[in-house]
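Engineer: A predicted structure for the sequence below; I have some questions about it.
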Amino acid sequence: MAQIRVVVLWHQHQPFYKDLVTGQYRLPWTRLHALKDYYGMVKLLDEFPNVHQTFNLVPSLVTQIQDYVSGEAHDPFLQVAAKPANDLSLDERRFALQYLFQAHPTNVIGRYPRYRELWERFHGTGDSPERAEKIFQPQDFTDLQVLSQIGWFDEYFLEETNVAELVRKGRNYSLEDQAAVVAAEREFLARVVPAHAEAAKKGSIEISTSPYYHPILPLVCDTQMGAVSSPGLPLPQSRYQHPDDAREQLLRALNFQEQVFGMRPQGVWPSEGSVSEEVLTIAHGLGVKWMATDEGVLGRSLGLSFDRDGNGHLNSDLAHRLYTIHRYEKADTRMNMIFRDHTLSDLIGFVYSGMPPEEAAKNLVQKIKESAQPILAHGQDAMVPIILDGENAWEYYPHSGREFLRRFYDALSKDPAIEAVTVTEAIARHQNCSYLKSLTPGSWINANFIVWIGAPEDNKAWDYLYRARKFYAENEAGASEEQRKLAFEEVLIAEGSDWNWWYGPEHHSANDRDFDELYRKHLSNIYQALGGTPPDYLAQPIAGAVVRPSFTQQSAYIHPKITGEMVRYFEWMGAARYTADRRSGSMHGKQFLLDAVYAGIDEHFVYGRLDFAGKVSNDQFEIVVNQESWESHAERPLRELRLEAVVEAARIQWWRITARDNEKVLASSKDQGEAAVALGRNFEFRVPLAWLSATMPGDNQNLPSPNTNAVVRLRLRFSLWQNRLPLDALPVEGWIELELLAEGDLIRQ
């Protein structure tokens, strides 16, 4: 019987946040993701002994975790979280307010009522640490310090008795509670690496690696590769060409993992799936048995495109080409290669977080089977590779995605047609490999390197690296061994991919400035370590101004006509507005279909408008608007409504508004009542406030005050769906919130 072999590879990675000269960690994300994701991801497999997976651990991540476990990590974020609130300086209080709310507002902050309450108070100041600091009391800070740490605890850690008791306590934490949380962090961090080693020893997982500091190896070998994969791409002024550094990054990674885990990795997920023929030759020379990248690289190497039909399926020929082990052979280089299914991987990364876990897991297994069916029909085994980040996606799932993963793994383990294996197991069992004689250089993102080179900021970063690397080469001979070693380490760190991830137009985060400053600090350290003076230009930011998502609160009542036919600017003046940010942060591959959403109230209705990023698609899709009404300090909404509209050929086929508590249809395209829904250039609607139990029609005298315990706010979220899968949403995180106030109070707030 032909078999489906599912290869799941989780890539575990964080940038190198440590400044080697000061010893300080510029950002806390290694610690926080190690607390929230890494341990549970591998520990979960204990429940499914027949599900084998590959965990790709970047050495620079592991060494940072070890630094925390040893107690040597100097992390100002942890220090602020650990310090008694009464002892915090003014700068430390503002620092805490700026950084301790940097978490998913629904799945991390919203999980803990007191944390959400504090976040809403901070949000009410315009996210201003300076203004918020004046109204936050010492107990507020203590609760924030404790909950901002618990919020990042793994589901397994939350089950620990002492942590569970703190969660139940909920608020009014003591200094002893605060100290207990900080002590627990170090204990929990100490479990991460041993958990992986234990799983690898018993064969549950295979540990693969990436180059030590996560560089884009083809570009470190030669920045000209940027133009090979993208002809005409603007390149840096100076050609960076250091294949020996690329070899060193990979050799260090293999040696380090062998030392830590007691076994030498057989395979490599090169940073961002970035490969070239030169990189394969280097890896072969170091004994690497397999490498993985994206289907786009395979497509360009074969001169074809892995286009899918309307159901997301490849035709038989393309399926045979993708779902197999490939053997690259050229001159003396030999390398087994697998190419990730981009569509299946992105479903986990971007889509399934918006679905119920059981439905999402069922859908994924079904799609795996459908994808493999053309190969099985020929009596051959299919190898289906799913490769993605093992940390970033889970912030968008409730409870870190554990329920989804449990259901997915359970389905894999119980299905006789599917075998979940490591990459090395798949290679050993697979027959009829395909052969490659050439490989087009590229990464998992569009089979090129445009994210890391070509934009003015990217190219400036490469030119600065070139000059620092040249300074090192010209001065290393006259330096002491200690100086040379430190300077070269900084060179390798600066070669990492993470700095240029944030330069250029593709991505941004709330920490853009931190990444920019840290990159320039690593370059400056090269000069200082060798007794030189860093160039003046390293004191200036590389990153220019970037477009941020914008949110404007409602400032006046609105009374728009619901037609959808044209954007009537003045009718929507005063509405709350959320404008999309097209740059996708740490996760790449997100589709952007929505441009902006508007919401507002008057005495009788709540109104909403959705603007599309382009023309309204002729394909069938569904618009969903979730609406909630909340009382002050309540732990659940008072009323929830769901507006859904099915669109085809750019026209609404039908719509309805349903009360979620009893699934009663309040209005529809057949009987709209006082509601209204329209689609033209944009999508618009109105819903009576009374349906949200917010106020009675015409009764504006009874609008509640924010100082009472009555309803004070509404929340709205817009999303686009197709084939029962969510494609895009605004806001991406959280909700648009409306204060339910009289118009005069709205204007004065």
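Structural biologist: Yep, it's here.

Engineer: break down the stretch 401-550 of the chain into its strands, ranges please.
Structural biologist: With DSSP state E, counting those that start in this stretch applied, the stretch 401-550 of the chain shows strands at 418-421, 434-436, 550-552, listed in chain order.

Engineer: from the ones you listed, which stretch is densest packed?
Structural biologist: Per residue and on average, the most neighbours among those fall to strand 418-421, with a mean of 22 (mean count of other CB atoms under 10 Å). Using the backbone N, CA and C atoms, a C-beta is placed for each residue, glycine as well.

Engineer: roughly how far apart are the closest residue to Ser174 other than its chain neighbours and Arg171?
Structural biologist: Beyond its immediate neighbours in the sequence, the residue positioned closest to Ser174 (CB to CB, 6 or more residues apart in numbering) is Thr142, lying 7.7 Å away. Remark: distance between Thr142 and Arg171 (CB to CB, to the nearest Å) = 10 Å.

Engineer: of these two, who's got more company?
Structural biologist: In this view Thr142 and Arg171 are compared by other CB atoms under 10 Å, and Thr142 has more residues nearby, 21 against 16.

Engineer: returning to that earlier point: by mean pLDDT, show me the worst of the strands of the stretch 401-550 of the chain.
Structural biologist: Ranked by mean pLDDT, the strands of the stretch 401-550 of the chain bottom out at strand 550-552, with a mean of 72.

Engineer: mean confidence score for the helix or strand that that strand is followed by?
Structural biologist: The C-terminal neighbour of strand 550-552 among helices and strands, as given by DSSP states H and E, is strand 576-579. Mean pLDDT, strand 576-579: 86.

Engineer: how distant is strand 576-579 from the center of its chain?
Structural biologist: What separates the centre of strand 576-579 from the centre of its chain is 22 Å, taken as CA atoms, centre = their mean, to the nearest Å.

Engineer: what's that strand packed up against?
Structural biologist: If you count contacts as 3 or more CB pairs under 8 Å, 6 or more residues apart in numbering; DSSP states H and E, strand 576-579 packs onto strand 550-552, strand 594-601, strand 736-739.

Engineer: out of those, which one sits most buried?
Structural biologist: strand 594-601 (a mean of 24).

Engineer: what's in contact with that one?
Structural biologist: Applying CB atoms under 8 Å, 6 or more residues apart in numbering, the contact partners of strand 594-601 are 554, 557-558, 572, 574-580, 606-613, 689, 714, 716, 718, 720, 728-731, 736, 738, 740.

Engineer: adjacent strands (with direction) for that strand?
Structural biologist: strand 576-579 (antiparallel), strand 605-612 (antiparallel) (DSSP bridges).

Engineer: so can I have a markdown table of the strands of the stretch 401-550 of the chain showing distance to Thr563?
Structural biologist: Putting those into a markdown table (distance: least, CB to CB, whole Å) gives the following:
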| stretch | distance to Thr563 |
| --- | --- |
| strand 418-421 | 51 |
| strand 434-436 | 56 |
| strand 550-552 | 23 |
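
Engineer: can you pull the phi and psi angles for the residue nearest to Ser174?
Structural biologist: phi -60, psi -40 (degrees, to the nearest 10).

Engineer: that one and Glu176 touch, don't they?
Structural biologist: No - here Thr142 lies out of contact with Glu176, judged by CB atoms under 8 Å, at a distance of 10.8 Å.

Engineer: low pLDDT regions in this protein?
Structural biologist: With pLDDT under 70 as the threshold, the chain has low-confidence stretches at 545-550, 566-570, 581-592, 694-711, 724-726, 733, 744-749.

Engineer: what's the domain layout of it?
Structural biologist: The domain map for the chain lists 4-16+193-226+243-436, 67-188, 456-539, 550-748, with the assignment taken from automatic domain parsing.

Engineer: out of these, which comes closest to Leu233?
Structural biologist: In this view, the domains of the chain are compared for proximity to Leu233 by CB to CB, and domain 4-16+193-226+243-436 is the closest at 5.3 Å.
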